[in-house]
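> I'd like to go over a predicted model; first the sequence, then the structure.
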Amino acid sequence: MCRVWKSPQRREVRTVKTVRVAAAIIHDGGRIFATQRGYGTFKDGWEFPGGKIEPGETPEEAVIREIREELDTQIEVEERFDVVEYDYPDFHLTMDCFLCRVISGDLTLKEHEAARWLTRETLDQLEWLPADLDLIRKLRGKEGIWG
């Protein structure tokens, strides 16, 4: 999927690739789970785990599959929390974000550098990826996940 981007300053039009992903905001006991990317352009940035939505997959199915593959953990999707639309220089990101709980597994890191459980007070201690910054602000105000 592509999206047309128009620059008002330069009067140019270019096609920008759209990447659709699903992310799990895993919460437990007043904390949320964050992971540090271990590869790619955004290596070492912090994010919520998840990944690309495959053709024919719903965002909910994608986030369940991605967490099983990346963290060897089975999750339950509770609700869609937000859909983030963010323009990176080389692509447009559409990210479906879901509040989730662990059903089984130990959140074993298979692709990430590190992981941390965060409280509302420690959310700002990490270098979040740009697309996650507004999501962090919204999460800070969300009642029901902070214990």
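Now that the structure is in, tell me what you want to look at.

> so how far is stretch 50-65 off the chain centroid?
The chain centre lies 12 Å from the centre of stretch 50-65; the measure is C-alpha atoms, centre = their mean, to the nearest Å.

> hmm, who's touching it?
19-24, 66-67, 69-70, 74-75, 77, 80, 95-96, 98, 100 (C-beta atoms under 8 Å, 6 or more residues apart in numbering). (Each C-beta comes from the backbone N, C-alpha and C, glycine too.)

> End to end on it, go ahead and measure it.
One end of stretch 50-65 sits 9 Å from the other (C-alpha to C-alpha, to the nearest Å).

> can you tell me the average pLDDT over it?
For stretch 50-65, mean pLDDT rounds to 98.

> List the buried residues for the lengthiest helix in the chain?
Scanning the chain for the longest helix, with DSSP state H as the assignment, gives helix 59-71. For helix 59-71, the buried set under the neighbour-count rule, 16 or more other C-beta atoms under 10 Å, comprises 59, 62-67, 70-71.

> after that helix comes which helix or strand?
Following helix 59-71 in sequence order, the next helix or strand is strand 74-87 (DSSP states H and E).

> How far away from the center of its chain is that next one?
Mean-position distance between strand 74-87 and its chain equals 7 Å (C-alpha atoms, centre = their mean).
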